[in-house]
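A.B. asks: sequence? don't have it. structure:
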């Protein structure tokens with residue numbers, strides 16, 4: 001299975017893991033045509049857990065919904081660890097007026113898109129990232 005999903009200290013209530021894993025594998029191969037394998041590991045956790053990681057690895061003392069680590073060792077593989085705060089996703093869903101499920105999937109796709117080379121530091125990059133997230137949401141939930 002190209003993507004694996006774990007819960008650290010919280011329940012994310014993610015459904016359809018096989019379908020999502022296949023979608024993420026297709027997404028990676030579409031944007032990184034030269035890779036032979038993609039393996040993404042998603043870890044759903046609490047705000048507190050992710051804040052600790054943010055402090056330890058990125059020297060940031062702020063809450064965040066996602067941290068993505070590219071663990072790839074060569075150009076023909078995509079290996080990544082994506083940590084997602086289910087608490088932050090839940091709060092952001094309320095803030096943005098969307099369902100928890102939609103926001104959770106947006107963040108899941110966001111992490112994969114980062115690993116595929118999409119950035120979000122500059123305003124133009126943020127707009128492109130949002131466009132790609134929306135495209136992924138539309139394609140994934142079209143059924």
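C.D. replies: Perfect, thanks for sending it. Here the structure is a predicted model, which means the values were calculated and not measured.
A.B. asks: can we go C-alpha only for contacts and neighbour counts from here?
C.D. replies: Fine.
A.B. asks: now residue 33, what's its secondary structure?
C.D. replies: coil (DSSP: H, G, I helix; E, B strand; the rest coil).
A.B. asks: Quantify the burial of residue 138 by counting its neighbouring residues.
C.D. replies: Other residues near residue 138 come to 11 when the count uses other CA atoms under 10 Å.
A.B. asks: Let's see the pLDDT reported for it.
C.D. replies: In this model, residue 138 is scored at 97, pLDDT.
A.B. asks: Pull out the buried positions in the longest helix belonging to the chain.
C.D. replies: In the chain, taking DSSP state H as the definition, the longest helix is helix 123-140. Using 16 or more other CA atoms under 10 Å as the burial criterion, the residues of helix 123-140 that qualify are 129, 132-133, 136-137.
A.B. asks: what does stretch 70-77 give?
C.D. replies: So for stretch 70-77, counting by 16+ other CA under 10 Å, buried means 70, 77.
A.B. asks: first to last residue in it, what's the distance?
C.D. replies: Using CA to CA, to the nearest Å, the end-to-end distance of stretch 70-77 comes to 11 Å.
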